[in-house]
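In: Sequence and predicted structure are below.
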Amino acid sequence: MVKKAQFSILKGFWLLLFAYSCVLMAEITWRYHSFSLDANFLMIKQTEIEALWWYKYAFYIHVCTAILALPAGFTQFRSGLLKKYPQLHRRIGYVYVFSILGFAAPSGVLIGSVANGGLFAIISFELLALGWFYFTFQAVRLAVQKKFNAHEDFMLRSFALTCSALTLRFWKVILVYLFQPNPMDLYQIIAWLGWVPNLLLIEFIIYRKNHKLSNDYDLSRS
């Protein structure tokens, strides 16, 4: 009973943290609502805006669609929603998949190719965008094939990369507070910290989940 209560408290804490993070991301996104070419982050990307005709379009497509994936993806892992409202689960899933495959990941590849921090950071952001597209696409393919356990695994991987939008900013705050690094050095570090730990953690969770399923299956046969 105590363990169940502790789990509920921990789950509630993560829910509140995620909700708060989504609100912060919405606030950051709202700063670009005027589609100004010198708003916030774009103030340090004037060279790209002037030299690359497509940059401003790719940037705003990424900003406006990536934000949809956060709340949409989060609701997909609620077992109650899946069991009680399967139609709603699929519709939210369509929003998640369409926003990533159609817009957010492709635009991420484009803007990642000229990311701050040099080649080291560019490689990271390109791998992030390509991995995001691949994991999401595989999740769709497996759902069509009705391989739902593997579908869930790839959706978890996809969402781990979706959350890089949050974790990147958390790491940035932590590193600036503790070490006050050079801005370009900071970009090189958080480019990798934003998503690699997420993916490692989710791989561990997937392993534990599938290991438990395998043990349950063996017990049912014994």
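Out: Structure's in. What do you need?

In: Tell me which residue lies nearest the centroid of this protein.
Out: For the chain, the residue sitting closest to the mean C-alpha position, by Cα atoms, centre = their mean, is Thr162 at 0.8 Å.

In: ok, now how distant is that one from Leu68?
Out: With distances taken as Cβ to Cβ, to the nearest Å, Thr162 is found 10 Å from Leu68. C-beta here means a position set from N, CA and C on the backbone, and glycine is covered the same way.

In: same question, Ala58
Out: 16 Å.

In: again, but for Leu156
Out: 18 Å.

In: and what of Ile61?
Out: 12 Å.

In: Check the contact lists of the two and give me the overlap.
Out: Taking Cβ atoms under 8 Å, 6 or more residues apart in numbering as the contact rule, Ile61 and Leu68 both touch Ala104.

In: related to what we said a few turns ago, neighbour count: Leu156 and Leu68, which is higher?
Out: Leu156 (20 against 17; other Cβ atoms under 10 Å).

In: can I assume the more buried one is in contact with Ile202?
Out: Yes - using Cβ atoms under 8 Å, Leu156 makes contact with Ile202 at a distance of 5.2 Å.

In: In stretch 149-159, which residues are buried?
Out: Buried residues in stretch 149-159, counted by 16 or more other Cβ atoms under 10 Å: 151-159.

In: So which of those sit within helices?
Out: Per DSSP state H, helices hold the following members of the buried residues of stretch 149-159: 151-159.

In: Need the residues you listed in a markdown table (columns: pLDDT).
Out: A markdown table is the format used below for those (pLDDT from 0 to 100):
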| residue | pLDDT |
| --- | --- |
| His151 | 94 |
| Glu152 | 92 |
| Asp153 | 95 |
| Phe154 | 96 |
| Met155 | 94 |
| Leu156 | 93 |
| Arg157 | 96 |
| Ser158 | 96 |
| Phe159 | 93 |
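
In: of all those, which comes closest to Gly112?
Out: Nearest to Gly112 among these: Ser158, at 16.9 Å, using Cβ to Cβ.

In: coming back round to it: so which of the buried residues of stretch 149-159 comes closest to Phe98?
Out: Ser158 (13.0 Å).

In: mind listing what the closest one touches?
Out: 73, 100, 132, 135-136, 139.
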